[in-house]
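*Asks:* What follows is a predicted protein model with its sequence.
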Amino acid sequence: MKEIHDFKVLERRQLGSRYFALVLGHGGRMPAVAPGQFVEVLVEGEPKVMLRRPISVHDVDEERGTMTLLIQIVGNGTRKLAALQPDDKLNMVYPLGHGFSTDIPAGSSVLMVGGGAGIAPLLHLSKVLKDRGVDCTILLGGRTAELIPVRDEFEPYGRLCIATDDGSLGHKGLVVEHPSFSESYDMIYTCGPTPMMKAVARSAAQRGIRCEVSLENMMACGVGACLCCVTDTDQGHRCVCKDGPVFDISTLKKWYQC
């Protein structure tokens with residue numbers, strides 16, 4: 001069920017020069033948020049930003065009634081959000097979209113592959129799957145170590161592997177070149193830059209491993225009304241914001257084979 005609330009900023013953490021995290025709460029009941037779902041944030045006081053901004057849910061604390069967003073600073077909207085401080089308000093529509101599948105049997109082995117800001121939804125996913133008794137390998141990549149924020153937060157929830165283009169942390173090279181990537185898994189999840197996700201999807205398809213990707217099309221409305229996020233799938237055109245952002249690659253052959 002979609003809701004709209006003014007959230008209060010409870011905590012703000014700067015994570016290097018490119019990222020920051022906001023811990024948010026509104027003092028009321030928090031609806032269930034599935035891993036991979038997102039929020040639409042209203043950016044107030046910035047005349048160059050007319051539309052809400054879609055941001056993945058990074059973490060949820062049901063006991064505290066809080067939600068955490070991990071945000072990369074890329075433009076006017078995110079720079080304005082970066083100026084928020086504790087006790088400021090942030091209006092959000094949530095939870096939106098179709099998230100990752102979590103009906104994985106206990107004892108299964110899964111791989112999560114995240115790149116850049118695409119690591120954001122994987123923390124909530126790793127927590128949920130660990131609670132289900134699933135064995136998680138979490139493979140995070142970036143151009144440099146600085147561009148892989150909050151990596152330590154993943155350590156309690158699975159085997160953490162790192163790949164950086166410049167070798168500043170972990171394996172030097174792409175995530176698909178990391179030794180852990182070629183191991184056997186029952187399921188692969190991925191979110192990040194499109195070329196990375198396509199490479200992950202192609203490899204999963206070749207190995208016969210079920211795989212889900214979280215697409216990052218532009219999403220203005222979040223409810224499938226504006227049609228700006230439509231993508232071509234094997235089942236016809238679908239709105240990424242409403243039918244996704246998470247899709248099983250069995251429906252995306254046109255997408256990852258190009």
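*Replies:* Arrived safely. Numbering: from 1, shown residues only.
*Asks:* And the longest helix along the chain, what does it pack against?
*Replies:* Among the segments of the chain that qualify as a helix by DSSP state H, the longest is helix 194-207. When contacts are defined as 3 or more C-beta pairs under 8 Å, 6 or more residues apart in numbering; DSSP states H and E, helix 194-207 sits against strand 109-115, strand 187-191, strand 210-214, helix 253-256. Backbone N, C-alpha and C define where each C-beta goes, glycine included.
*Asks:* which residues are contacting the shortest one?
*Replies:* Contacts of helix 253-256 with the rest of the structure, by C-beta atoms under 8 Å, 6 or more residues apart in numbering, involve Met197, Lys198, Ala201, Arg202, Ala205, Val213, Thr231, Asp232, Thr233, Asp234, Ile249.
*Asks:* Specify the angle between the helix or strand hosting His58 and strand 210-214 in degrees.
*Replies:* In the assignment (DSSP states H and E), His58 maps to strand 53-61. Calculated by axes from the mean of the first three to the mean of the last three C-alpha atoms, to 10 degrees, strand 53-61 forms an angle of 120 degrees with strand 210-214.
*Asks:* Switch the contacts of helix 253-256 over to CSV; also include neighbour count and pLDDT.
*Replies:* What follows is those, written out as CSV (neighbours: other C-beta atoms under 10 Å; pLDDT from 0 to 100):
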residue, neighbour count, pLDDT
Met197, 25, 97
Lys198, 18, 97
Ala201, 23, 97
Arg202, 16, 97
Ala205, 17, 97
Val213, 29, 98
Thr231, 17, 90
Asp232, 12, 88
Thr233, 20, 91
Asp234, 13, 90
Ile249, 23, 97
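*Asks:* ok, those vs Thr78, which is closest?
*Replies:* Met197 (21.3 Å; C-beta to C-beta).
*Asks:* pretty sure that closest one is touching Tyr189, no?
*Replies:* No. If you go by C-beta atoms under 8 Å, Met197 and Tyr189 don't touch, sitting 10.2 Å apart.
*Asks:* so where do the strands sit in the stretch 101-250 of the chain?
*Replies:* Per DSSP state E, counting those that start in this stretch, the stretch 101-250 of the chain carries strands over the ranges 109-115, 135-142, 159-164, 171-172, 187-191, 210-214, 230-233, 236-239, 246-248.
*Asks:* Nearest to Ser180, out of these?
*Replies:* strand 159-164 (4.6 Å).
*Asks:* what packs against that closest one?
*Replies:* strand 135-142, strand 171-172.
*Asks:* Run the chain-centre distance for it.
*Replies:* Strand 159-164 sits 17 Å away from the centroid of its parent chain (C-alpha atoms, centre = their mean, to the nearest Å).
*Asks:* Could you list the buried residues of that strand?
*Replies:* Leu160, Cys161, Ile162, Ala163, Thr164 (16 or more other C-beta atoms under 10 Å).
*Asks:* Tell me what angle it forms with strand 135-142.
*Replies:* 20 degrees.
*Asks:* what's the distance between the nearest residue to Cys221 once chain neighbours are set aside and Trp255?
*Replies:* Excluding the flanking residues, the one nearest Cys221 by C-beta to C-beta, 6 or more residues apart in numbering is Cys241, at 6.8 Å. For Cys241, the distance to Trp255 equals 16 Å [C-beta to C-beta, to the nearest Å].
*Asks:* The two: which is more packed in?
*Replies:* Cys241 (28 against 19; other C-beta atoms under 10 Å).
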